[in-house]
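> sharing a model that was predicted from the sequence below.
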Amino acid sequence: MAKVEANDVKLNYEEHGKGDKDKAVIYIHGNLGCKDWMDLVWPLLPENLRVIAIEWRGCGDSDKPDPDKDYTNYSMTQHARDMIAAIQNLGIKYCHLCGHSTGGIIALHMMRMMPDMFGKLLVLDPIGPMGMDFGEEHLKLFGQMKDNPNFAKSVMATAMPTLFDPEAMAKGTLTFTSKVTEAQKALFEKLVEKTRSLSDGIWFGTPINLAKEWKDATLRAQQELMKHPVMILWGELDSWIPREHMEEMTKRMPMCQLMVVPGVGHSMNVEQPETFSKHFMDFFMNTADEKDRAEKTS
């Protein structure tokens, strides 16, 4: 277990590959997540590509400070500042980013804060710069997930729907399909178990702060200024992230592309790790000078 200082916390991280330090990729997991969402992807990546997964404050084995009354210390901008500080304290001056789900909006905040520090961004089924329109009913759902591990398991299954028999899911039963590997089964159970140690700053602070992003709309209004190369991978079966949000990002960000991937839901890194690793390598192994490319569009 390795930790790095990041403002007032220590963040846990995992590193793979020994590639050029100036071409490192930082992986940022989603809400209720941890670095282990990449477990099935790590063995598929080349040794000459350096990838570092850093866990948010409140998640995994990172520090879990008590949340402020209004969850300000668990805001998307706080997570972004944490990540930037962690990267700098790892001695990295320039790198690329990969964000899954809520990791997407965190990465976008990072790029707005320190545009010269980052090159490319790959986002997997991301929450975009608009945030999410979460209400009281969503807070109740997160509360139920926190209090009831079985309920948490049933909700998390919807984030990786292709692992489960759809008819059984419709009846409230989780049955793995015949194509699911033992490694996928074990990882799903592990990811559910990992939610048992999350901070309240994650369970409640994340939906509250994503709703603030939705209402404030500051980052959403800045999309035309986001001139880094961005690739969106969106699973056609994703029931969590609206496709229209992806299309808005593609339309408004100058160098943003959308790839709709058939036969996969919200979590390609778990549902189809081979497919995700191929897209990952295709995107990050073609590293022309992104800073020059971005400048040409300014």
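Happy to help now that I have it. Residues are numbered from 1 along each chain as shown.
> got any ranges where the stretch 1-150 of the chain has weak pLDDT?
Scanning the stretch 1-150 of the chain for pLDDT under 70 picks out the ranges 21-22.
> can you give me the strands in it?
Assigned by DSSP state E, counting those that start in this stretch, the stretch 1-150 of the chain shows strands spanning 2-6, 9-16, 25-28, 51-54, 95-100, 118-124.
> nearest approach to Pro65 belongs to which of those?
Among these, strand 9-16 comes nearest to Pro65, with 6.2 Å by C-beta to C-beta. Every residue, glycine included, has its C-beta placed from N, CA and C.
> okay, buried residues for the closest one please.
Using 16 or more other C-beta atoms under 10 Å as the test for burial, strand 9-16 gives Val9, Lys10, Leu11, Asn12, Tyr13, Glu14, His16.
> stretch 160-168 now?
Met160, Pro161, Thr162, Leu163, Phe164.
> columns secondary structure, pLDDT and distance to His138 on top of the residues you listed, output as JSON lines?
Below are these laid out as JSON lines (DSSP: H, G, I helix; E, B strand; the rest coil; pLDDT from 0 to 100; distance: C-beta to C-beta, whole Å):
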{"residue": "Met160", "secondary structure": "coil", "pLDDT": "98", "distance to His138": "20"}
{"residue": "Pro161", "secondary structure": "helix", "pLDDT": "97", "distance to His138": "19"}
{"residue": "Thr162", "secondary structure": "helix", "pLDDT": "98", "distance to His138": "24"}
{"residue": "Leu163", "secondary structure": "helix", "pLDDT": "98", "distance to His138": "24"}
{"residue": "Phe164", "secondary structure": "strand", "pLDDT": "98", "distance to His138": "22"}
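> now, among these, which is nearest to Leu122?
Of all these, Met160 has the smallest distance to Leu122: 18.7 Å, by C-beta to C-beta.
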